[in-house]
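K.L.:
model the following, please.
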Amino acid sequence: MCGIAGVFGSGWDESQLSKMVNSLQHRGPDAEGVFIDPTRIAGLGHRRLSIIDLTEAGNQPLSDETGRYVLIYNGEIYNYLELREELRSFYHFRSKTDSEVLLAAYLKWGEACLDRFIGMFAFIIWDTKTKTLFAARDRFGVKPFYYAISQDSVLYVASEIKALHAAGIPRIPNESVWASYLTNGIYDHSSQTFWANVLKLLPGCSMTWSNGDVKIKRWYDLYERVGDSVDNSSLEVVKKDYTALLEESVRLRFRSDVPVGINLSGGLDSAVLFRLVQNIHGDSGDIKVFTFITGDSYYDELPWVNKILAGSSYPIFTCLLQPSEIPVIAENVSASQDEPFGGFPTLAYVKLFKEARQQGVKVLLDGQGMDEQLAGYDYYQVDKNISMNTGPVQGSTTSVTLPDCLDRDFKDRVVAKQVPHLFKDQLRNLQYRDMFYSKIPRALRFNDRASMMESCELREPFLCHRLVEKGFQQPKEWKIADGKGKWLLREIAKELLPNDVREAPKRPVQTPQREWLQRELAPWAEDCIEKGLYGWGEQWFEKDKVRTAWKTFRENGRDNSFPFWQWINLGLMQK
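P.N.:
So this is what the prediction gives:
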């Protein structure tokens, strides 16, 4: 896991690239490297977090033996050992890294190498002979890739938006994105970001650059892979095949030359992940488990986590988030995220990753992605409309935003984003929306920045594309049955978990954000809200309505605090 930065074109200077690389130090504290093309038409920078092959042979930028091709790369190719064996007769390897395997695969198969990768990645390969760039991002966008083109046609590319701003790209709010967020609660839904002229390369897309010409191409599309096909295999065959994929996905993600741990909540997905790890590695005390708590029994998952761990010798580390810590952590996390983020749970995750690093664990696994591929959310059973807004607050019965508090002209800047209705059945369209337009994009951004803020790598075994494709192809009755989602996973879990863990009610991972904002943190929250009302978003609000809504929330409460968090988050981002 690393940070990448690149500049392509004429008229830039090395200090810009240096500032970009320095701004990504947290993503890679173990090594730093820069490559400048002899013609000065391109510069590549890298910050390394050493995970595989800890020697200097793994440092980047990395070139092939001829020096023609130069790679900078962020991520992990989990099947690199198998690919290395396949490429051994074609390429002379000088390291044991997956990054060199990626480069060799590109030299052998060109763009088609992407289809062979099992992993998460964002990379750039520069051809010093033809002066062309090839870049790509993984299928579901686990690893970030941002870019901007300056007025003088220079292309800037980086793992985080802050690096583009460090290079001199102006920090100007993208008002249509902010309007969509404050009006409808939508975060990451397109190539647009919260900053004007800063774009993201979408998941499953590649980029080429030559002589100032940028072209974007989609190399992976889930619908093209699975279409409307339905797996008609028997339940026993599906369970066997799906379980085998689960086990291999977890096994591959333990490939590391540094310790690997597990991030657990008390839910079904975490329980299945833990039991798979236990089945593969035995009852090993070498694998550490991390979970967060808040001291509030209504929200804390620790009793369920303890049930999952019952009888094992895996050491558990609980990370306590307290309201007194929130102001400082929130300010630091806001600076790390670059865009609005998901509230107090994200702050708790940062504490968890910090604890992992203090315990010598550099890599963590978690259970993200199962709800989307096997229809785990409650609204999959009742939602009849395909819209962009899924509601950021699971289980909320009230509006998740307060658009009446916004200026009318500002609300008119909302640009409707159409979710494609690709599948014949409604359920898969909803799953596709959540996978590519709402839940997964924002969750992956939150989690990437939270983990990398503490120089910790997060791996998502359930977001393996083979699992997602298999899940999408299952008939509806094997996803939802008896009023419960993820039916197939529950059937598989019968052989893995005790009944009380397997049949535990679905609970969103939450914190006492609502209660803390009403009580202990109310003065801090109010200061942040006022700051947001008088920053660059000053013309976005009906200020009196905002203050009235805040006063009502403090006095009477509400079943979610999301709109107030939005305003607080805006205040945190003022500089």
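K.L.:
which non-adjacent residue is nearest V414?
P.N.:
A179 (4.6 Å; C-beta to C-beta, 6 or more residues apart in numbering). Every C-beta, even on glycine, is put in place using the N, C-alpha and C of the backbone.
K.L.:
OK, contacts around the most centrally placed residue in the chain?
P.N.:
Centroid check for the chain by C-alpha atoms, centre = their mean gives L444 as the closest residue, at 1.4 Å. Listed by C-beta atoms under 8 Å, 6 or more residues apart in numbering, the contact set of L444 reads F140, G141, V142, Q368, E460.
K.L.:
one more time with 7 Å
P.N.:
Contact partners of L444, counting by C-beta atoms under 7 Å, 6 or more residues apart in numbering, are G141, V142.
K.L.:
for it, give me phi and psi.
P.N.:
phi -70, psi -40 (degrees, to the nearest 10).
K.L.:
share the number of residues neighbouring the residue nearest to V414, please.
P.N.:
Residues within reach of A179, counting by other C-beta atoms under 10 Å, total 22.
K.L.:
separation between the residue nearest to the centre of the chain and I124?
P.N.:
Note on L444: its distance to I124, by C-beta to C-beta, to the nearest Å, is 20 Å.
K.L.:
same question for S18.
P.N.:
From S18 over to I124 (counting by C-beta to C-beta), the distance is 17 Å.
K.L.:
and those two? which has more neighbours close in?
P.N.:
I124 (25 against 17).
K.L.:
can you read off the backbone torsions of L87?
P.N.:
Dihedral angles (degrees, to the nearest 10) for L87: phi -100, psi 0.
K.L.:
sec struct for the closest residue to it other than its chain neighbours, please.
P.N.:
With C-beta to C-beta, 6+ apart as the criterion, L87 has its nearest non-adjacent residue at 4.8 Å, and that residue is A104. Three-state call for A104 (DSSP: H, G, I helix; E, B strand; the rest coil): helix.
K.L.:
who touches the lengthiest helix in the chain?
P.N.:
Longest among the helix segments of the chain by residue count, using DSSP state H, is helix 235-252. Here helix 235-252 makes contact (C-beta under 7 Å, 6+ apart) with 78-79, 118, 231, 273, 276-277, 280, 461, 464, 466-467, 470, 474, 488, 491-492.
K.L.:
in the stretch 451-575 of the chain, which spans are helices?
P.N.:
465-472, 487-493, 499-502, 513-518, 522-533, 543-556, 562-572 (DSSP state H, counting those that start in this stretch).
K.L.:
and the fifth one, how far out from the chain middle?
P.N.:
Think helix 522-533. 28 Å (C-alpha atoms, centre = their mean, to the nearest Å).
K.L.:
what's that helix in contact with?
P.N.:
Contacts for helix 522-533 (C-beta under 7 Å, 6+ apart): 327, 517, 541, 543, 546, 550, 554, 564, 567-568, 570-572, 574.
K.L.:
which of the residues you listed count as buried?
P.N.:
With burial judged by 16 or more other C-beta atoms under 10 Å, the buried subset of the contacts of helix 522-533 is P327, L517, F541, V546, W550, R554, F564, W567, I568, L570, G571, L572.
K.L.:
give me the distance between the closest residue to the first one other than its chain neighbours and E331.
P.N.:
The shortest distance from P327 to any residue that is not its chain neighbour, by C-beta to C-beta, 6+ apart, is 5.0 Å, and that residue is W524. W524 sits 10 Å away from E331 when distances are taken as C-beta to C-beta.
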